[in-house]
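Participant: build me a structure from this.
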Amino acid sequence: MEVTDVEAIPVEIGLKPLEEDHGLAPYVMGRLEYLESAERVLVKLSTSEGITGWGETAVVYSPSITKSILETVVADLVVGEPVWNFETLHEYYGSHYIDSSVFLSGVEMAMWDAFGKYTGCPLHRLLGGKQTDRVAFSYCYAIDTVEASVERMREVRDAGFDVVKTKVGGYDADTAPDEFAPERTMESDVERLVAMHDAVDGEVELRADANQSWSVSETTRIAARLEDAGIAIQYLEQPIRTDNVGSYKRLRQRLRTPIAVNEDLYHPRNFYELVREDAVDVGVVDMIPIGGILPLKKIASVAEEADISLAHHCGFDLGVKTAAMLHAISSTPAIDLPSDTTYYALEDHVIEDPFEFEDGTLPVPSAPGLGVTVDEEKLEAARIDS
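Facilitator: Sure thing, here's the model as predicted:
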C-alpha cells in the first residue's frame, strides 16, 4: 500500500472562556502569549488501497507556511512510498541542517493510522501492546488570579484529576487582560501556588511551568520558598532557557524540588546531554515537535535506561493527536507520569464521538489505526484561510 496524496487542512477551534465550566480562555502563558482559540493542521493522507489516514500537527509560523511545506516538501518524500516506511522518512529528515520535525509528525501520524487500518490493528498493538486500558492526565491551567485559581483547584479535584499543571512566570501587564494586572511577580507566583495547594489540602499535586521565564537565581529562590512552605510540587517545568545543561545540573544539585524539561526535548540530542550530566528528573516529551511516534519511542528508551520519568505534553490537541497520545502512552511504560491535557476546554470537536474524561482519565481506542473518525463536515466548518 503506497501513499498517493497528502492534504493539509488548517483549522481553528475556540476555547471555552474562563467563566464556563472548565474554560481556559484567555489562556495566559507568561510572557509568551494569550490564547483564545486553538489553531492546528489536520493531515489527510490517501493511499493506493483507498484507505485514508489522519494526522494532526501544530501551526508553524502561519497556517499557509505549514500547509505549503506539508503538501510540497513532505508530500514529495512520502507519495509513492509504502505507508509503513517510517524509519526511512526519519532518516531523510535527520540529514537536514534545519530541523523540520514538526512538519513530519502529522504525516507520520497519518501513516500510522492508515497502516493500522490496513492491518486491522489498533495502533497500540503495532507499538508493542497497551499496558493499560485508560490513560491518566494532568489538568492544565494558565496564569489566573489567586481567588479563581483556588476555586478551579476544587473543581478539578471534584472532577477526579490528581494533578494540575499551571503556568507561572511574569507577563506584560500592558497587553494582559485587565483582570490580570498588575504584572505578576516572583512573590505572586509563590502565593498562588501555596493557595492552590492549600485549597485542596494537597490532595491534588501541582506542576509549575515557567516556559523559560525565570533565571537560575529566581528558580532557586522560588523553589526554596515552596519547599519551606511545605509545598512538594511534582516538578518545575523548564524554568530556565534551553541549551543550558550546566545550570540545570546545578539546580538539580541545589533543590529538593524535581526539575523537568520540555522545550529542551524539541532540540535533537539535548535530552541525551541532560541525561548524561544527570541534570534533570523529568522529561516532558511531545510527539509533534520531535517528529512523531517513532522518535517518541526512541526518547522513551533513553529515559527508561536512565531511570528518568516522562510525561507527555499537550498543545490544545483536537482529538486526532489525543488518540495518538493514548496509543503511544499506553504502550510506553517509560511515560510513567500523568500527561498534560486541555481537551476539556475545546468549544467544539472535529472527531465523531469526542473523548470524555472519567476521574481524570481517557480510554485507549480499540478500533483499527488511531481509532477515531474525523467529522469532515465539522472539519470543513473549522477550516481557516491559509
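Participant: which residue ranges of the stretch 201-350 of the chain form helices?
Facilitator: Along the stretch 201-350 of the chain, counting by DSSP state H, counting those that start in this stretch, helices occupy 216-228, 245-254, 270-276, 287-290, 293-306, 320-330.
Participant: out of those helices, deepest packed?
Facilitator: Mean neighbours per residue, mean count of other Cβ atoms under 10 Å, is largest over the helices of the stretch 201-350 of the chain for helix 320-330, with a mean of 27. C-betas here are computed from N, CA, C, even on glycine.
Participant: measure how that helix sits relative to helix 293-306, angle-wise.
Facilitator: Interaxial angle of helix 320-330 relative to helix 293-306 (axes from the mean of the first three to the mean of the last three Cα atoms, to 10 degrees): 30 degrees.
Participant: is it possible to get TSV of the helices of the stretch 201-350 of the chain that adds distance to residue 104 and mean pLDDT?
Facilitator: Below are the helices of the stretch 201-350 of the chain laid out as TSV (distance: least, Cβ to Cβ, whole Å; pLDDT from 0 to 100):
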stretch	distance to residue 104	mean pLDDT
helix 216-228	33	93
helix 245-254	26	95
helix 270-276	18	95
helix 287-290	9	94
helix 293-306	9	95
helix 320-330	14	98
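Participant: now those in TSV, with distance to residue 111?
Facilitator: TSV is the format used below for the helices of the stretch 201-350 of the chain (distance: least, Cβ to Cβ, whole Å):
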stretch	distance to residue 111
helix 216-228	40
helix 245-254	34
helix 270-276	24
helix 287-290	13
helix 293-306	10
helix 320-330	11
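Participant: can you list the weak-confidence ranges in the stretch 151-300 of the chain?
Facilitator: Residues of the stretch 151-300 of the chain meeting the criterion pLDDT under 70: 170-185.
Participant: what sits closest to the residue nearest in space to the middle of the chain if chain neighbours are left out?
Facilitator: For the chain, the residue sitting closest to the mean C-alpha position, by Cα atoms, centre = their mean, is residue 314 at 1.9 Å. What sits nearest to residue 314 in space, not counting adjacent residues and going by Cβ to Cβ, 6 or more residues apart in numbering, is residue 340, at 4.2 Å.
Participant: give me the beta-bridge partners of that neighbour?
Facilitator: Beta bridges link residue 340 to residue 138 when assigned by DSSP bridges.
Participant: quick one: contacts for it?
Facilitator: By Cβ atoms under 8 Å, 6 or more residues apart in numbering, the contact list for residue 340 reads 137, 138, 140, 165, 284, 311, 312, 313, 314.
Participant: tell me which of these has the lowest pLDDT.
Facilitator: Of all the contacts of residue 340, residue 314 has the smallest pLDDT value, namely 93.
Participant: which SSE is residue 196 in?
Facilitator: Under the criterion of DSSP states H and E, residue 196 resides in helix 186-199.
Participant: look up how far residue 186 lies from residue 86.
Facilitator: Separation of residue 86 from residue 186 (Cβ to Cβ, to the nearest Å) stands at 45 Å.
Participant: over to residue 151?
Facilitator: 23 Å.
Participant: out of the two, which sits in the busier spot?
Facilitator: residue 186 (18 against 13; other Cβ atoms under 10 Å).
Participant: turn the contacts of residue 340 into JSON lines, including distance to residue 119.
Facilitator: As requested, the contacts of residue 340 are arranged in JSON lines below (distance: Cβ to Cβ, whole Å):
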{"residue": "137", "distance to residue 119": "28"}
{"residue": "138", "distance to residue 119": "32"}
{"residue": "140", "distance to residue 119": "34"}
{"residue": "165", "distance to residue 119": "36"}
{"residue": "284", "distance to residue 119": "31"}
{"residue": "311", "distance to residue 119": "29"}
{"residue": "312", "distance to residue 119": "24"}
{"residue": "313", "distance to residue 119": "29"}
{"residue": "314", "distance to residue 119": "28"}
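Participant: residues in contact with the nearest residue in space to residue 127 that is not next to it in sequence?
Facilitator: Spatial nearest neighbour of residue 127, excluding adjacent residues (Cβ to Cβ, 6+ apart): residue 331 at 4.1 Å. Contacts for residue 331 were tallied using Cβ under 8 Å, 6+ apart; they are 124, 127, 128, 129, 130, 131.
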